[in-house]
Structure formats: structure tokens, C-alpha cells
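Novice: Fold the following, please.
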Amino acid sequence: MGSCRSQRPDRFDLRYANLSNQVAPIILLKLLQTSVDLGSIHLSSYCTLTGSTIAQLRDLESNYNEKVLEIAINTLEKAKRDEFDEDIPEDVRMLFVDKDTVINAVSGSHDMHLLKIDNREDSIVTRANKWCANVVTQVHREEKTRNRNRVSEIHQYTNHLRDNAAKYELRHAA
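Specialist: Purely as a prediction, here's the structure:
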């Protein structure tokens, strides 16, 4: 009967070790995956919002370009009729030589504005992705530390229960 009692803590230890080895990585993996999924959802929402805002900005730039082109063509017509205002600088007057020059100048300006918008979009998306990667890395570190601490608490608690079980068996064995 004494040998049976001495085997109980060993069986408990073995079961506890097996359970700990199986459960801890599963819990850690699930928590980390949840964190990554939430971060991905937020980043996706942010990128979608950014994309729609940038699309609106492109539309506004196109509308602006159309209005500038219209004004430039009207100014060209005034220049052809010699109805220029006196306060227009000479270098600006040189742009209004012919329609192709005006269209090329306005088109070049439009292309530069779109390039700046595209560059800003790339910058925003790149920074958002970098930020997300940093957050995910930080969450992984914090979750790993938190889970290790929690596993340590569980080990301490099970050790406490094992000690109490051993004391209980000793009391009842006597």
C-alpha cells in the first residue's frame, strides 16, 4: 500500500507536465493569432480609408485641373485679342503663346500634383505597414512575457496543490 501512495505524486507530476506542455503553447498561439488578426483588420480598415481619401483627393485634383485649364484657355483667348491685364508679369505672358504651350503647362502641373499625391499615398501605406509590424512584434513580446508569467503562476499553484495533496495523504496514511 505504501508503494501505491508514492506512485500517485509521480503520476500527478507526469500528467501535469504533459498537460502543461500541451496547453501552454496552444494558449500562446491562440492569443498571438487573435492579436495579429485584430491588427490586420485595423490596418486593412485604415488602408481602405486612406485609399478612398486619396481617390477623393485625385478627383479633386482632376476637377481643379479642369478649371485651371478652362481659365488658361480663356486667358489665351484674351491674349490673342490683346485684352491682357496690365499686372500680368512678362514670364507668365510667355506661356500664353499658343494653345499647345498652355495645355502642356497645365498638364505638367497636373501630372506633378498627381505624382505628389501618389508619393504621399505610398508614404502613408508604407508607414502604416511598418507601424503595424512594430505593433505586432511588440504584442508578441508582451503576450509571450505575460503568458510565461501566467504559466509560472499556474506552476506555482499546481506545486502548492501537489504539496497539499502530499500533506493530506501523509495525514490520512498515519
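Novice: so where is the protein shaky, pLDDT-wise?
Specialist: Within the chain, the ranges that satisfy pLDDT under 70 run 1-13, 16, 18-25, 28, 84-85, 174.
Novice: Which parts of it are strands?
Specialist: With strands called from DSSP state E, the chain shows none.
Novice: List the contacts of residue 43.
Specialist: For residue 43, the contact set (CB atoms under 8 Å, 6 or more residues apart in numbering) comprises 128-129, 132. Any C-beta I mention is one placed from the backbone N, CA and C, and that applies to glycine too.
Novice: go on, residue 52?
Specialist: Not one residue lies near residue 52 by CB under 8 Å, 6+ apart.
Novice: Return the distance of it relative to residue 42.
Specialist: Separation of residue 52 from residue 42 (CB to CB, to the nearest Å) stands at 16 Å.
Novice: Same question for residue 110.
Specialist: Distance from residue 110 to residue 42, by CB to CB: 34 Å.
Novice: Just want to know which of these two has more residues nearby.
Specialist: A count of neighbours by other CB atoms under 10 Å puts residue 110 above the other of residue 110 and residue 42, at 17 against 13.
Novice: pretty sure that one contacts residue 66?
Specialist: No: assessed by CB atoms under 8 Å, residue 110 is found out of contact with residue 66, at 9.2 Å.
Novice: Show me how far the longest helix along the chain is from its chain's centre.
Specialist: Secondary structure of the chain per DSSP state H: the longest helix is helix 2-80. Mean C-alpha position of helix 2-80 versus that of the full chain (CA atoms, centre = their mean, to the nearest Å) differs by 5 Å.
Novice: and what of stretch 138-150?
Specialist: Its chain's average C-alpha position is 20 Å from that of stretch 138-150, according to CA atoms, centre = their mean.
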